[in-house]
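only geometry, no sequence info:
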């Protein structure tokens, strides 16, 4: 398995907090899903991808207002129509892990919304898989 690259950073702002004045889990999950969706689009070369499954989410610590967090993803499996990845989030200020999600599965869809074979079996760092505009 490849090593996780932490490529996305977020600043925890007042609107991201829960009633305990710590990072609201829903905000964090939204950020993870958005970043994972972008990653799936780039790896599968298709802007029509959907989140099919997210495994148990293990919250380890939290973050407070003003903290900077990093989100890291790594693909762990390519299916015929899907990609599975692992996510980790860490606090750049405290140096502690915030959470892990062992499996997030995305499915590539055709224009009718049906699973569509993407034809890939390995990770690409090239930009050749960016979907063309408005196909």
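Now that the structure is in, tell me what you want to look at. Everything quoted here is computed from the prediction, not taken from an experiment.

Okay, now the unreliable bits of this structure?
Scanning the chain for pLDDT under 70 picks out 1-2, 127-128, 133-135.

the helices in it, which residues?
Secondary structure of the chain by DSSP state H: the helices cover 25-44.

Please name the residues that touch the residue nearest the centre of it.
The chain has residue 36 as the residue nearest its centroid, 2.3 Å off, counting by Cα atoms, centre = their mean. Counting by Cβ atoms under 8 Å, 6 or more residues apart in numbering, residue 36 touches 51, 73, 85, 87, 104, 106. For every residue, glycine as well, the C-beta is placed using N, CA and C.

likewise residue 37?
49, 51, 106.

Please pick the buried ones from the residues you listed.
Buried members of the contacts of residue 37, counted by 16 or more other Cβ atoms under 10 Å: 49, 106.

Which of the contacts of residue 37 fall within strands?
Using DSSP state E, 49, 51, 106 are the members of the contacts of residue 37 that sit in strands.

Let me know the closest of the residues you listed to residue 99.
residue 51 (16.5 Å; Cβ to Cβ).

Next one: the closest one from residue 102, what distance?
15 Å (Cβ to Cβ, to the nearest Å).

Could you tell me the end-to-end distance of stretch 76-84?
Stretch 76-84 has an end-to-end distance of 6 Å (Cα to Cα, to the nearest Å).

So what's the gap between it and the chain middle?
Distance of stretch 76-84 from the chain centroid (Cα atoms, centre = their mean, to the nearest Å) equals 14 Å.

Quick check: buried residues in it?
Neighbour-count burial for stretch 76-84 [16+ other Cβ under 10 Å]: 76, 78, 81-84.
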